[in-house]
Structure formats: C-alpha cells, structure tokens
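>>> Below is the sequence, then the predicted model.
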Amino acid sequence: MNTTFQKSSALPASEWIITRLIQISGYLSIVFVGLISIFLISEGSPALVEVPFSSLFGERWYPIEGYYSIWPLLSGSLLITVSAILLALPLGIGTAVYISEIAPQWIKEILKPLVELLAGLPSVVLGFIGILVLVPFLRRALDLPTGLSGFTGALLLGWIAIPTIVSIAEDALNNVPASYRQAALALGATRWQTIWGVTVPAARSGILTALMLGIGRTLGETMAVMMVTGNAPVLPSGLNALFQPLRTMTATIASEMGEVAKGSTHYHVLFLIGMALFIFSLTVNAIAFTLSNRRKKRAERLLS
Amino acid sequence: MEIKLRKYFTPARKEKIGESTLILFGLITVLPIIALIVFIIIKGLPAISWTFLTEMPKNGMREGGILPAIIGTFYLTLGTALFAVPPGIAAAIFLAEYAPDNRATRLIRIAIVNLAGIPSVVYGLFGLGLFVIFLKFGISILAASLTLSIMTLPVIISTAEEALRAVPSSFRVVSISLGATRWQTIRRIVLPQALPGILTGVILGLERAAGETAPILFTGAAFFLPRLPQSPMDATMALPYHLFVISTQVPGMPVDIQYGTVLVLLAFVLGMNILASVIRSRARARRQW
Amino acid sequence: MEKILIRDFSLTYSDGQESLKQVNLAVPENAITVLFGPAGGGKSSLLRSINRLNELADVAEQKGQILLNGQDIYAPGVNPIDIRRKVGMVFSRPVVLPLSIYDNVIYGNSVAGQKNRKLLDQQVETALRQAVLWEEVHDRLNDPAAMLSGGQQQRLCLARVLALEPEVIMLDEPTSALDPVSTSKIESLLQELKRTYTIILAPHNTQQAARMADFAAFFLQGELIEYGTGDIMFTRPKDQRTQDYISGRFG
C-alpha cells in the first residue's frame, strides 16, 4: 500500500503526538549511523596526525614501542576473510540450492531452523569450541607447532558465514519465478541442468548480495577469531602464513582497547582501525543494497 | 578418452552426482551444528548443579558458581529490550504504515542495512566513545545496554516491518472507511495481528544481544566482581564475556566449569530461539487470514 | 432532490491506473443509483472519491467538486472522518476485521469514542436486524467474525456500515464473491434500505444492474457516457456504446 500522510489538522492531540514519535523513531537509524561516523572520525582521525604515514603503513604493530603499522592487521583480516569466504561460498550456495531446489519439504523444515540456529549461536561459544576441539585437532592433523592459526580462524569463520550466505541466496532462488523452471523442464532439461542453466543465473544478483554480506559478516567477526588465531600481529609472508598465528583488525581492537589510556596515540589508532572497519562494512553493504534493489527493480519490470 | 567420459557422464548421471554433492554440502553445514549442541550438552550437564547456578565464583573463578554472570546477562538483555523495543517497533510502524516512497525513506532503509552490517566491536568503540566517555555513564549496565540496543535495532525494525506488512491491506482500507484514524487502525487492527511476528523478531534480536561479547567489552563487562551489580551504573559480569575470560584468560581453569558455563549460555540462547519459533507457529495456526 | 452532486470531477493516479475524466453526476436521495460498465471504467475510483478513501492511494491529480448535501467534501477544513461516517462503504470481497462479530459491528462507533455499553448493545442489535443477520448470530456475538459464511460476512459488513447511521451507502460489487442465495438476500435487503438511505451500487454484472437500478450511469474508460432512469437505460439507451455493452457486444 502506497500511503501518504493524512492531513494532520483533523487529528486529536494525542494522535498527533504519537504520529510525531513514530516519525522521529523512523529517522533514528540515520541519526545513529551519523553519530557512529562522527565518533569514529573524531576519535580516530587524530591518529593520522600523531602517527607518521610511513609508520602507519610500516611493518610492525608494537604499540608499546610506538610501532603502529596497520599492515599486519589489515593483511591478517584480508587473508582470513578471503580463505573463509572461499570455504563458505561453495558450501553456502550449495546448501541454499539444495534447500530451495532439491530437498523434500520435511528436510527443508529440519535444515532451515538448524541454519538459523547457527546464525544465532554466540561467536564466543564457537570460539570456545574452536579452542577445545578444532585447535588441538588441527595441530595434530597438520603437524603445526600450534593449532592457533589463521587457518583455524578461517575454518571457523567460514562456518560462521554460511548461514548469512544460505539465507540470502535461498531467498534469491525462491524469488525466481516458477515459470522459468517449468519452461526449462518443458524443453527437456534435467532438474540439474535447470538449476545451473536457469535458476542460479536468474538469481545471480541475490547470490552476489549473499557474497557481499558474507564478506561483511566475516570481516567484522571478533570474538571467535580472536580466540583461535593466536593473536600474533605479524605481517604474513606468503600463503604459508595462513598456518601461523595471525591477528585481525577486530581482534586487535577487542584485545587492546581495554588497556589503553583515553586520548593516547594508541587509543586513537584503535579508533582509526574501527573507522576502517566501518568504511569496509559501509562499502560492502552499499554494494549489497544496490544489488538487491536492482534485483527488485528488474523483477518489477518483468512482472508489470 | 574424452568421448568415453562424455558417454559415462550422461545428463542423468551428472544429475545424480551433482545432487549427491549438494546433499554432502548440506550435511557439512548442518552436522557440525547438531554435533556441537549435543557435545556441549553432554559435556556441560555434569557441571550443572544448584550451587553452580546460584553461587558466586570462588578461588579466582576456578570454583563456585556463575550467578553474577547469569544475573548480568539477564540485566543486559532486559536493558536492551527496554531501549531497543519501543523505538524499534515505532520505526517499523513508520516504515510500514506512514513512510512515503521518497528519498528520505530510502535513506532510512540504507541506514538500517548499514547498522545491521557494522561489526560488533565497532559498536563497542562507539558505545565507549558516546556512552562511557562523552555522556559519562562510565563502564556500566546502562552504557552496555544502550550499546547493545543500537546494535539490536535493525533486527527488530526489519522483522517488525515485515510482520506489519504481512497484515492484509484490506483491513486498513476497511478500518479507515469506517471512520477510524490511521493510528486507530494501527493500534486496533494492524498491531494485534502483527504482534506474534513482531515478538518473534524482538526475541531473535535480544537473543543476539544476549550472546554478544565485543560490544560490552569496553562498555559494561567486568572481569570479576565480588558482588552483584546494585544499580544500572555498575559494571557487570555477563555470560559470554565470562566464557571468554575463563577459556582464554585464566590459567588452570577446570574444564567442567567452562563446559557448564557454555551450556548455560547455550540454554539461554536456545531457549529464546525455541520460544520465538513456538510463538511463530502458534500464531500461524490461529491466524484468520 | 439530489444527495450528491459531482461536478467536472477528474482524477489520475500516479501509477497510471484507471482514472476519471470530467464526470458530472447527480445522485438522487432515497433511491438506488447504479454505476455500471466494464472493469477499469472508473466506478471504483469514483466510489472511493465520494468518501475520500482515495487519500490512501497515490493520487497524482484531482480536479472538480463533489458536493454532499450541497457541501464540497474536499473543501479545506472538512474532516474526512466525518465524510466517511456519512458515506459508508461495502467492498467487493467481504472483509471482516479480525475481531468478534460484536466488535465488527460497533467498530465505527467505537473508534468515534462511543463507550456507553447499553447504547452500543442497542446499535449492534439494530444494525444486525437491519442487515437481516440478527437471527443467525445473536447467540454468538463474541465469536470471531471470520467464522461466518461468506454471505453472512457480507451482511455483517453491511451491518457494520449501518451501525454508523450513514446517509449514503456505497457498495462496490458487493455480491461478486457470493452464491446466488446470498446475492438475492442482499439485493432484497437493498430494496428495503433505499427507503431510508441513498444507495450507490456498482454491480458486478449487467443483470444485477438492470434489476436494481432506479437510476443508472454507464462508465467507460473513465468517462460517464450516459445517465438516466433504470428502465430507460436498460431498454432504450441513447448512446451506441451503452447499447453495445448492454447487449453483450463487449464487456
């Protein structure tokens, strides 16, 4: 229903107040995004003055001695995110395709709540299980000096990102009109050919949205990744670095913010890292939003 | 060789192999979830006792119970509900019932999507900057609840909006045609019908807030407190942070206390999850449209 | 005596749906005026304009006047709620509100602030009797209205409008979702009600239009093509298009 405001002149005072309150609440989200940006910028930007540019992009993160390079943290985050997504994307899309296109109703009704449940599990619980189960297992299986590594974090994060990918990709697949599938099947395609030749391509912008939000989820994950990656802020050198301890941007903020003095350089740099994370998530979400909007617009065109 | 392979991979065979692979993917996703829950229940149950749930921690948290963490998580969840639910539902009403289709509304939607995507630790930073330092609430239940409630807002808004939109628009037209104002229509017809859906969303949002650690790290969580929090201005222990502490920060921690804590946290979260799905399915069965 | 006077009324929606072009029409008091014509001709738009329900839709442009008892209903300062209470509306599908039978009937009065239980009870009984539903539901007024049959639901919708004690009742294809028995019940009810009310009916077929019309107006693509008394309109209309439509050449 496309509605506009009723002329408020005829409304009783109480209704006028309620309507105003509702309207104000509507705009709250914008206010909060604004406030968050202001605080991150005002607390983070001093770091750009206090820390010389060469140091900010140097090689070491060692705040006690004044080394504030965000390189190791940035590359740690990226390395783990990329590996986690490489793992989560096929699993997530595969599961979504299975749920939406193949699984019989009763299996759907078991799978979907379970995936939702995974989405709702606190990341600290997953980190805990990571420490107790995954870390010792990987140390033995891969013969590593320590199981606390970027790889462990990537495995765990990949798994954590799956529900995000599944639910959005499944939505996108469900929105593909049934007539597409029927047309393909009527032309003699097998169900398998229909899925990959018709349904999945038709849902591609939704799947891209799923990918974007999956990346956002992975990049922003904090507790689980902090608990299992060993927290060593070293600049990764080569792919081998994935099997050594690493440190992400989120984990750095979480583990160091509690101990810094307000207004110190260290404090400002941590806010700067938060600012970077904020900008990442804005970008990722803006892309996802545009993609899903475009999808909606195309659907409207097709249906009108 | 090429031809032989093609002969072997007939469309029917391909379909069979492909679909089996997908089933395998589904299993890889789902089986660990079941395994994890069963594992935690089996390992955690022996640690659960009346004293574990109702006593203060002793001996550097290596003995005794986890009462302050349970109470703390309860307070934080309650505070989050208090601050997030009213504006969240109001915002959803605005979007579903009032908002014109214009640029400002689109901006609100972008803001909501972005709020939902901000990493939880960044919320922690923001809460520290705004509530703890700028507004001088200090490290407190109040500051942590406010931080968590901003994080929960987008979840509540989007699920509540969906629930409101699911109410048939013919009800609104009929109500207005009988001389009701827009707000009367919302309060008497739309809200009661959307209530189960809204409630489900609220519970799912609070479930997330209850399990979060990063946003409360520097806004309200305490490593250890010898007594329960006395006011909203006190810091508090909380289940997720406590679990983090005893699994990474305290050497020589007995494993059964860890498993017991994780089970209590899981029960908290699962309980809310189940409550939400019960409300949802009962409402669906009773719905008249 | 005309109850409603429509003067040069034009309307377009922003999404380009059916619109109205320069409609001029007088609706006489205590009679059934039938609006008929093919779907999309503007009947519903006109009905929704007469009780200002169109304000819920995206109206791009609106010109002209609609006078109720000689007063412009779109004049500044006129409260749309007063108009809607005077001009009640029944829709094509019976839409009972998700409330009890009782609460459905008194909905209009209750949102208007009426709290006196005795008076409400009385209004419920009167309205349900007028709509010939009282005998069927008087012992289960607190049951959900959704439990009634389709025909009963539509009579409940009528009772709900009657409880407003309106001056005009508009019905937009009120029997399109009903069986023949329920349809004839509603039709004879309308013949009864026209003694006290002004009725505007958009029937869902030509037969019903012919049966019910004291006066009739033929709408085609947003234009009022022809207007006259029922017996003339359905036996010897002047306009070729009206004739074609009545004889079933299109529609």
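Structure received. Here the structure is a predicted model, which is why all the values come from computation and not from measurement.

>>> Need the residues that contact stretch C:188-200.
C:3-4, C:27-33, C:35, C:47, C:50, C:130-132, C:155, C:158, C:162, C:166-171, C:201, C:212, C:214 (CB atoms under 8 Å, 6 or more residues apart in numbering or on different chains). No exception for glycine: its C-beta is placed from N, CA and C like everyone else's.

>>> Then stretch C:140-157?
Residues outside stretch C:140-157 that contact it (CB under 8 Å, 6+ apart): B:174, B:288-289, C:90-91, C:94-105, C:124, C:128, C:131-133, C:136-137, C:174-175, C:177-179, C:181-182, C:185-186, C:189.

>>> B:R62: neighbour count?
B:R62 has 14 neighbours, counted by other CB atoms under 10 Å in any protein chain shown.

>>> ok, back up a step: what about the contacts of stretch C:140-157, which are in helices?
B:174, C:101-105, C:124, C:128, C:136-137, C:181-182, C:185-186, C:189 (DSSP state H).

>>> quick one: low-confidence parts of chain C?
In the predicted model of chain C, residues C:17-18, C:249-251 satisfy pLDDT under 70.

>>> and the ones in helices among the contacts of stretch C:140-157, which are buried?
Buried positions within the ones in helices among the contacts of stretch C:140-157, assessed by neighbour count (16 or more other CB atoms under 10 Å in any protein chain shown), are B:174, C:101-105, C:124, C:128, C:136-137, C:182, C:185-186, C:189.

>>> So which of those is the closest to chain A?
Distances from those to chain A were compared by CB to the nearest CB; the smallest belongs to B:V174, at 12.6 Å.

>>> right, and the closest one touches C:V95 too?
Yes: at 4.8 Å, B:V174 and C:V95 qualify as touching, with contact defined as CB atoms under 8 Å.

>>> who in the stretch 51-200 of chain B is up against chain C?
Proximity of the stretch 51-200 of chain B to chain C, by CB under 8 Å from any CB of the partner chain, involves residues B:168, B:170-181, B:184, B:188-189, B:192-193.

>>> Show me which of those residues are buried.
Neighbour counting by 16+ other CB under 10 Å classes B:168, B:171-181, B:184, B:188-189, B:193 among these as buried.

>>> Report the entries of the residues you listed that also contact chain A.
Of the entries in those, the ones placed beside chain A under the rule of CB under 8 Å from any CB are B:R172, B:T181, B:Q184.

>>> Just give me the least confident of those.
In terms of pLDDT, the weakest of those is B:T181, which scores 92.

>>> What residues sit buried inside the one helix or strand A:G206 maps to?
In the assignment (DSSP states H and E), A:G206 maps to helix A:204-220. When neighbours are counted by 16+ other CB under 10 Å, the buried residues of helix A:204-220 are found to be A:205-220.

>>> Of those, which is the nearest to chain B?
Comparing the buried residues of helix A:204-220 against chain B with CB to the nearest CB picks out A:G220 as the nearest, at 2.7 Å.

>>> For B:A210, give me the pLDDT.
Per-residue pLDDT puts B:A210 at 94.

>>> phi, psi of it?
Note on B:A210: its backbone torsions stand at phi -60, psi -30 [degrees, to the nearest 10].

>>> Spit out the contact partners of the residue nearest the centre of chain B.
Taking CA atoms, centre = their mean as the criterion, B:R208 is the residue nearest the geometric centre of chain B, at 1.9 Å. Applying CB under 8 Å, 6+ apart to B:R208 gives the contacts A:G120, B:M151, B:T152, B:V155.

>>> Among the residues you listed, which ones are in helices?
Residues from these lying in helices, with DSSP H as the criterion: A:G120, B:M151, B:T152, B:V155.

>>> Let's have these in a markdown table, adding pLDDT and neighbour count.
Converted to a markdown table, the ones in helices among the contacts of B:R208 look like this (pLDDT from 0 to 100; neighbours: other CB atoms under 10 Å in any protein chain shown):
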| residue | pLDDT | neighbour count |
| --- | --- | --- |
| A:G120 | 88 | 17 |
| B:M151 | 96 | 27 |
| B:T152 | 96 | 32 |
| B:V155 | 95 | 22 |
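
>>> Greatest separation within those residues: which pair is it?
Using CB to CB, the pair of the ones in helices among the contacts of B:R208 lying farthest apart is A:G120 and B:M151, separated by 14.3 Å.

>>> How about the residues of the stretch 51-200 of chain A by chain B?
Listed as neighbours of chain B in the stretch 51-200 of chain A under the rule CB under 8 Å from any CB: A:90-92, A:94-95, A:97-99, A:102-103, A:111, A:113-118, A:120-125, A:127-129, A:131-133, A:159, A:162, A:166, A:190-193.

>>> Return the subset of the ones next to chain A among the buried ones among the residues of the stretch 51-200 of chain B next to chain C lying in helices.
Within these, membership in helices is found for B:R172, B:Q184, as judged by DSSP H.

>>> does A:S83 really touch A:G150, like I thought?
Yes: A:S83 is in contact with A:G150 according to CB under 8 Å; the separation is 7.4 Å.

>>> picking up where we left off before, of the residues of the stretch 51-200 of chain A next to chain B, select the buried ones using a ChimeraX command.
Once 16+ other CB under 10 Å is used to decide burial, the buried members of those can be selected in ChimeraX as follows:
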select /A:91,92,94,95,97,98,99,102,103,111,114,115,116,117,118,120,121,122,123,124,125,127,128,129,131,132,159,162,166,190,191,192,193
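
>>> so, in contact with chain A or not, the longest helix seen in chain B?
Secondary structure of chain B per DSSP H: the longest helix is helix B:11-44. Yes: figure legend: helix B:11-44 in contact with chain A (CB under 8 Å from any CB); contacting residues B:11-12, B:14-15, B:18-19, B:21-23, B:25-26, B:28-30, B:32-34, B:36, B:39-40.

>>> what's the helix or strand following that helix in contact with?
Sequence order places helix B:50-54 as the next helix or strand after helix B:11-44, per DSSP H and E. Counting by CB under 8 Å, 6+ apart, the neighbours of helix B:50-54 from elsewhere in the structure are B:G64, B:G65, B:I66, B:L67, B:I70, B:I257, B:G260, B:V264.
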